[in-house]
Structures are given as structure tokens and as C-alpha cells.
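Colleague: Sequence below, structure please.
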Amino acid sequence: MILFISFLTLILCFLNYYFLYSIEQKLFFIYTFVSILIFIIACIYIIIKNQKIKKNKNLTQEIEKYFSLPQSNSLEELKENLKLSLDLTSKQMQDQKIQNQLVQKSFQYLLQGLNYLQVDNFSSLKPVLKKYHYNKILTNNYFKNIHVGIINNNTIENFLLQCILFNMGISSEILNDYQKEKKDFTFIISKEEVKDVLNFTFTEICIEDIVNFLDNNFAQETYKKRFSYNVLIFKSSCFENDLILNITNQFCPNNQAVDNLSDFKKALKLNFKLILVDYEVIKFDLLYISQILHEYKIKNLQSIILLFSQDKVKNCDFANMILNDINKNEWLSLLRKYINQA
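Modeller: Now for the predicted structure:
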């Protein structure tokens, strides 16, 4: 439009000067200069505008290509297509996040289940379980005469449930339809409520909830008996713990090794026939640990506590025996003596 007006003004100036009526020459040249200047500015404006349009078009094509968008006829249409694409991407990312959470939960359940298995190559799994902080929750309660039906279509969850139950002496099997099964089950585990039968329901597997359910419903002597573990090991290094634990596991099952004072205190809530503790790991809190171990021996009269120390020690009356050094054969002899297993 500006180009058209400036061009028209220039033509009128010439027509006015040569054909209509004469104007002063100086004024004519001023009009002409202004018209030409407007014309040049208009041309520059049009060139710049066309370059901008071309650049925007190229940019639009690049955006469409990068995001795999349909061809747009305007920036508004591009904006709308881009918004739809981002919304779709956001939904896909959310779905992927949910899927990743499910995979992570399955991985956690798998590791927890492996932690409950008594397998020969457990030592190779121990670093993985320790890395992800999956420790087996131990209990003094060991059940008998209980057979459980599990109604659930998640294989990994079923694996963990059966490992937990097996660790407490409970047999179980997976059911597709409880109504069609003719077997008698002590109770049913499921995510949805099952009528006319004792039922434990869950959304996520919580071992404490399972233990509490069993304690509340099967406290009778018919189902429950006190369970004693064999050996608790607390040495000053992980290497010594693993070495002694491996030797002990070859001799008898149901043993545990701990590598910090906090886990040692938690383990003392259980019944162990034999406890091996290193003086080096308790000497900085000796008075408190001595009191705990004295109370432990009062509650568990049959328990034997062995204290390992290369130096002479005092105020360790809780120990039945103080060892300065021990080899494999000597340790096996102590196990035969105190675990009562030939």
C-alpha cells in the first residue's frame, strides 16, 4: 500500500509539472525526492517483510518436521498443532512413568522374595539386596497347620507372598477361582474381598501387615509355635561376617549376620541359640550393650553368648565364653556343642 501511494505521488508530480500547471522547480524536486524516498523505504519494507515471511515459513517447516506435525497454513494453526503434540507427549510420558513405577515395584518384590529364599548362592545376591536395602523381616513366630490360597494375577507379587509365607512355615498355592476350588484353605489372600471365608486383602504387599494378621487370627497353639534361630554373628568386618556365616550355614540353617549396632539391637528381639559378638564393635557403647545382653539372657535362658576379643576385657559378665582366636574346626566344634546338631 505504501509502495502504491509513493509511486502514485511521484506520477502526479510529473504530470503536474509537465501537463497541468507549472510549479516552482525547487518545490518540484522536493516533492520528487520525498516521493522517491518513500518509494525506496516501501521497497525495503517489502523486501524485509518477504524475507521475514520466508524465514518464518522455513522455521515453521523445521518445527513441523522436528515434531512430526501436519503442514500448517498459519502460525495459529501451527500453535494449535504444537499444543496437541505436546499434550500427547505429556500423556505418553505420564504413561511411561506409571509403567516404570510398576516395573520398579516388580523389581523390588522380586528382590524381597529372593531375600526370603534359602539358596546356596545367597552370598552372591547379598550385595544386590544390601544395595537396595531389602532385609528379611524375621519373627519368632513360626506357624503350622496353615494352608493359604492366593487369588491374584500378578506373578511377581505371588512369588513374594509365597516366599514370605514359606519363611513362616505356611504352605500356599495360587488360585484362579476360589468358588470352583474344592480344597479347604485356612484363609485367602486377595486384593478384592472374598466372602464367607477368612480373608486378608491388600493393595501393596506389606510384610508387617501379614505378620499382624497372622498374630491376630492364629494365636492358638494349634497353629503357632515359638521358633528359635540358631546363630547370630556380629563381627568387626563384613568379610569376617560373611566367612563365618557361610561356614555356619553349611552346618545349620536359620542364621543371621549383622554389620552395624542398630541391626544387632533389632536382631536381639529374636531367639538365638548362639550369639557371637566382637568386642571391637560394642566397646564404645559397652555399658548399654552389656545391659541389653544381660536382659536377653534372662529372657532366653538357653542362649549362649560368645565374645571375641584379642585383648583382655573387663565388665563382660554377659559372655559365657571369651575367645581370643578361632579357626574353622574350633567354630564347628562350638556349633556341635551349643546347637545340638551332630
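Colleague: Next up, the contacts around Asn153.
Modeller: Residues near Asn153 by C-beta atoms under 8 Å, 6 or more residues apart in numbering: none. C-beta here means a position set from N, CA and C on the backbone, and glycine is covered the same way.
Colleague: Just to be sure, Glu204 is in a helix?
Modeller: No - using DSSP: H, G, I helix; E, B strand; the rest coil, the assignment for Glu204 is coil, not a helix.
Colleague: how many neighbours does it have?
Modeller: Residue neighbour count, defined by other C-beta atoms under 10 Å, stands at 9 for Glu204.
Colleague: And it, how close does it get to Ile305?
Modeller: 39 Å (C-beta to C-beta, to the nearest Å).
Colleague: what do you get for Lys191?
Modeller: Distance of Lys191 to Ile305, given as C-beta to C-beta: 45 Å.
Colleague: Which one of those two is surrounded by more residues?
Modeller: Neighbour count, other C-beta under 10 Å: between Lys191 and Ile305, Ile305 has more, with 21 against 13.
Colleague: Pairing partners for the helix or strand hosting that one, with directions?
Modeller: Remark: Ile305 resides in strand 304-308, with elements defined by DSSP states H and E. Using DSSP bridges, strand 304-308 pairs in its sheet with strand 272-278 (parallel), strand 321-323 (parallel).
Colleague: same question for the shortest one, mean pLDDT?
Modeller: So the one you mean is strand 321-323. Model confidence over strand 321-323, given as mean pLDDT, is 86.
Colleague: What of stretch 174-182?
Modeller: In this model, stretch 174-182 carries a mean pLDDT of 74.
Colleague: Show me which of the strands paired with strand 304-308 has the highest average neighbour count.
Modeller: Among these, strand 272-278 has the highest mean neighbour count (mean count of other C-beta atoms under 10 Å), at a mean of 23.
Colleague: Next SSE downstream of that strand?
Modeller: Assignment by DSSP H and E places the next element after strand 272-278 at helix 279-282.
Colleague: Which residues does the next helix or strand after that following helix contact?
Modeller: Next helix or strand after helix 279-282 toward the C-terminus (DSSP H and E): helix 286-299. Defining contact as C-beta under 8 Å, 6+ apart, one finds that helix 286-299 is touched by 261, 265, 268, 275, 277, 282, 303, 305, 315-318.
Colleague: Can you report how many residues lie near Cys175?
Modeller: In this structure residue 175 is Leu, not Cys. If you count neighbours by other C-beta under 10 Å, Leu175 ends up with 20.
Colleague: Which strand residues bridge it?
Modeller: Counting by DSSP bridges, Leu175 forms beta bridges with Ile151.
Colleague: quick one: the helices in the stretch 1-150 of the chain?
Modeller: According to DSSP state H, counting those that start in this stretch, the stretch 1-150 of the chain carries its helices in the segments 2-15, 25-66, 75-116, 122-131.
Colleague: Flag whichever of those helices has the least confidence on average.
Modeller: Among those, helix 122-131 scores lowest, at a mean of 56.
Colleague: quick one on the thing from earlier: for Ile47, which of the strands paired with strand 304-308 is the nearest?
Modeller: Closest approach to Ile47 among the strands paired with strand 304-308 is made by strand 272-278 (87.2 Å; C-beta to C-beta).
Colleague: Give me the contact list for the closest one.
Modeller: Residues from elsewhere that reach strand 272-278 (C-beta under 8 Å, 6+ apart): 228-236, 240, 244, 256, 264, 293, 300, 302-309, 334-335, 338-339.
Colleague: With stretch 198-207 instead?
Modeller: Residues contacting stretch 198-207 (C-beta under 8 Å, 6+ apart): 105, 109, 137, 157, 160-161, 164, 186-193, 209-210, 213, 217.
Colleague: Just the buried subset of the residues you listed, please.
Modeller: 109, 157, 160-161, 164, 186-190, 210, 213 (16 or more other C-beta atoms under 10 Å).
Colleague: Just to be sure, which of those are found in strands?
Modeller: Among the buried ones among the contacts of stretch 198-207, the residues falling in strands (DSSP state E) are 187-190.
Colleague: Tell me which two of those residues sit farthest apart.
Modeller: Phe187 and Ser190 (10.0 Å).
Colleague: what's the domain layout of the protein?
Modeller: Split into domains by automatic domain parsing, the chain comes to 2-66, 137-225, 229-339.
Colleague: Can you lay out the ones you listed as TSV showing distance to Lys97?
Modeller: What follows is the domains of the chain, written out as TSV (distance: least, C-beta to C-beta, whole Å):
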stretch	distance to Lys97
domain 2-66	23
domain 137-225	18
domain 229-339	34
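Colleague: Mind checking those for the one nearest to Glu80?
Modeller: Nearest to Glu80, of the domains of the chain and by C-beta to C-beta, is domain 2-66 at 12.4 Å.
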